[in-house]
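Peer 1: Got a predicted structure plus its sequence, pasted below:
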Amino acid sequence: MSEAKDVHFVDTTFRDGSQSLWAMGIRHGQMEAIAGDMDRAGYEVIEIPGNAVHFKKMIRDLKENPWDTMHMLAEKIPNTPKSCMSGGFNLNPLGRPTPPALGELFWTHQAEIGALQRVQMMSNTADQMKLMFPALIPFYRSIGIKFALAIAYCISPRHTDDLFAEQTRRAAALKPDVIYLKDQGGLLTLDRVRTLVPMMMEICEGIPFELHSHCTTGMAPMIYLEALELGVETLHTGIPPLAEGSAQPSVLNVAHNARLKGFSPLVDETLLQSVSERFYGLAKEDDMVVGEHLEYDYGQFIHQIPGGVISNLRFQLAEIGLGERLDEVIEESIRIREELGYPFMITPYSQHMCTQAALNVSTGERYSVVIDDLIRFAHGTYGEDSGEPWMDQDLKDRLLADPRAAELAPPDGTQDEPSVKEYRDSLGLGGASDEELLMHAIMQGDKEIDAMRAAGPPKQYLGAALPLKKLMRELNKHPSVRYVQVQRGDNSLLLRNAASG
């Protein structure tokens, strides 16, 4: 009998799991309560919410200091490499760009405090391989951070095997530390993975290859098992309750099935089962949704909206009173994607298309209000995947005739970019720490940072990490209960209630 092949796991719970199911709403205390055990579970890599978009979410919506979270994760997870999706040097991708020097400071500081050892970045959207990677990859290597290139998968008339083969060759030529196939829409089928994965792995020529998928069509757990048979050794999974649903497959399910297929999962399943049970308690405490097995949904193959985007779309539509019109917005996003020439349904395009779709539906007139990003798309700002030659020419002409088009045109030539010191001095932040300066740059001001501080320290979740302390706290709420005694065999524990006198 041949020796069982090892299976490695990248954990996505804190980042993609939260993004897909909780609209990036995981809290500092929830991560703190289980991070230590996750560090001991045997993961190859643990994803964390460490980029500027996540920082903005923590400050604006969660009222938590993201630097406190990064320091905590560095302390609680000292042994397992930590990773996040990189947005490059721009710390404000959805607004006025920040100087590249600030981006360098942002990533360097995360490496220095021990929060990051790897970044992941899309390689076949927004033309990063030409526009960003020649500068990004050497920079990350210079600060000791490994680089994983993700090749996004989608379905359209122009996304053929030949296109994916060429994109894989271009990615492999950059010599990244890892290449992985990112099935952000959960669109891979068994037949497709059997043709696509072997071809990509052959082109990678020894570069480690990983697979990342979502459970939006209900097929990802089967796809993972097939990928193992095809020679993939590393899979991206989450811990329930931030697994399944629109997130990644459950590590417990995948590890169990992999073992039945004759593989050897390199994670501590007993420990992770305990983590999962405690994590369910945290979710219940805050009345958060939990990932559940989804039925097969052919609609996902039509609209292709990623799990994280559709989670945020539901959240945002509900906030503005349009929650009941989600289906209309999805239908409109399908139409917009065709008109734009079938860009990948992934960041940033998926957000752009869904935002424009919501505007078209809410105003009742298509493109009467146009987001700046669509005008930039028409300009070709995002490189080879935008503007030409696939975009509907009538829509392109209409967008470029908008008065905003002249303001948003790509600059000619190189621009002088300020240094960190020049940027700091221009804002009168000469006495601010690097962490303060970077938060200011991300939030474009201090108003929301001040509101975050006014909210006080992050909530503690005692139930997961300190069950005895939680029991004592609850006991003090009931003066009529004088004591609680717990007996197991010859061992006995007596808790006296101070509140009872």
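Peer 2: Yep, it's here.
Peer 1: which residues in the stretch 101-250 of the chain form helices?
Peer 2: 128-131, 133-142, 161-173, 190-204, 220-229 (DSSP state H, counting those that start in this stretch).
Peer 1: out of those, deepest packed?
Peer 2: helix 220-229 (a mean of 21; mean count of other Cβ atoms under 10 Å). All C-beta spots, glycine's among them, are computed from the backbone N, C-alpha and C.
Peer 1: so residue 61 makes contact with residue 25?
Peer 2: Yes. Assessed by Cβ atoms under 8 Å, residue 61 is found in contact with residue 25 at 7.2 Å.
Peer 1: So these two - more neighbours on which side?
Peer 2: A count of neighbours by other Cβ atoms under 10 Å puts residue 25 above the other of residue 61 and residue 25, at 19 against 14.
Peer 1: ok, the more buried one touching residue 287?
Peer 2: No. Under the criterion of Cβ under 8 Å, residue 25 is not in contact with residue 287, lying 11.5 Å apart.
Peer 1: Could you pull up the mean pLDDT of stretch 303-319?
Peer 2: The pLDDT scores in stretch 303-319 average 82.
Peer 1: let me fix that: stretch 365-383
Peer 2: Stretch 365-383 shows a mean pLDDT of 89.
Peer 1: Export that stretch to PDB, keeping only CA atoms.
Peer 2: Written as PDB, here are the backbone C-alpha positions of stretch 365-383 (Å, rounded to 0.1, in the frame of the first residue of the first chain):
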ATOM      1  CA  GLU A 365     -32.900  55.000 -15.700                       C
ATOM      2  CA  ARG A 366     -29.800  53.200 -16.800                       C
ATOM      3  CA  TYR A 367     -26.500  55.200 -16.500                       C
ATOM      4  CA  SER A 368     -28.300  58.400 -15.500                       C
ATOM      5  CA  VAL A 369     -25.800  58.400 -12.600                       C
ATOM      6  CA  VAL A 370     -22.500  56.800 -13.400                       C
ATOM      7  CA  ILE A 371     -19.800  55.900 -10.900                       C
ATOM      8  CA  ASP A 372     -16.300  57.200 -11.500                       C
ATOM      9  CA  ASP A 373     -14.900  53.700 -11.800                       C
ATOM     10  CA  LEU A 374     -16.900  52.900 -14.900                       C
ATOM     11  CA  ILE A 375     -15.600  56.000 -16.600                       C
ATOM     12  CA  ARG A 376     -12.100  54.900 -15.600                       C
ATOM     13  CA  PHE A 377     -12.900  51.500 -17.100                       C
ATOM     14  CA  ALA A 378     -13.900  53.200 -20.400                       C
ATOM     15  CA  HIS A 379     -10.700  55.100 -20.400                       C
ATOM     16  CA  GLY A 380      -8.800  51.800 -20.200                       C
ATOM     17  CA  THR A 381      -7.300  52.700 -16.800                       C
ATOM     18  CA  TYR A 382      -7.300  49.100 -15.700                       C
ATOM     19  CA  GLY A 383      -5.200  47.900 -18.600                       C
END
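Peer 1: can you give me how far stretch 492-501 is from the chain middle?
Peer 2: 45 Å (Cα atoms, centre = their mean, to the nearest Å).
Peer 1: swap in stretch 24-36?
Peer 2: On Cα atoms, centre = their mean, the centre of stretch 24-36 falls 15 Å from that of its chain.
Peer 1: Tell me where the longest helix sits in this structure.
Peer 2: The residue-count maximum for a helix in the chain (DSSP state H) belongs to helix 269-285.
Peer 1: what about the helix or strand that it is followed by, distance to the chain center?
Peer 2: Per DSSP states H and E, the first helix or strand lying C-terminal to helix 269-285 is helix 299-303. Per Cα atoms, centre = their mean, the displacement of helix 299-303 from the mean C-alpha position of its chain is 21 Å.
Peer 1: and helix 299-303, which residues are buried?
Peer 2: The neighbour-count check on helix 299-303 (16 or more other Cβ atoms under 10 Å) flags 300, 303 as buried.
Peer 1: re earlier: could you export the helices of the stretch 101-250 of the chain as TSV, including mean pLDDT and distance to residue 259?
Peer 2: Listed next are these as TSV, based on pLDDT from 0 to 100; distance: least, Cβ to Cβ, whole Å:
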stretch	mean pLDDT	distance to residue 259
helix 128-131	74	37
helix 133-142	92	35
helix 161-173	92	30
helix 190-204	97	20
helix 220-229	97	11
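Peer 1: Arrange the ones you listed in TSV, one row each, with distance to residue 245 as further columns.
Peer 2: Listed next are the helices of the stretch 101-250 of the chain as TSV, based on distance: least, Cβ to Cβ, whole Å:
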stretch	distance to residue 245
helix 128-131	29
helix 133-142	32
helix 161-173	27
helix 190-204	21
helix 220-229	11
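Peer 1: Mind checking these for the one nearest to residue 401?
Peer 2: Closest approach to residue 401 among the helices of the stretch 101-250 of the chain (Cβ to Cβ): helix 128-131, 26.0 Å.
Peer 1: Now do the SS call for residue 305.
Peer 2: Following DSSP: H, G, I helix; E, B strand; the rest coil, we place residue 305 in the coil state.
Peer 1: Let me see the contact set for it.
Peer 2: Shown in contact with residue 305 (Cβ atoms under 8 Å, 6 or more residues apart in numbering): 185, 313, 330, 333, 345, 350, 354.
Peer 1: Could you report the distance from it to residue 395?
Peer 2: 20 Å (Cβ to Cβ, to the nearest Å).
Peer 1: Then residue 11?
Peer 2: From residue 11 to residue 395 the distance is 41 Å (Cβ to Cβ).
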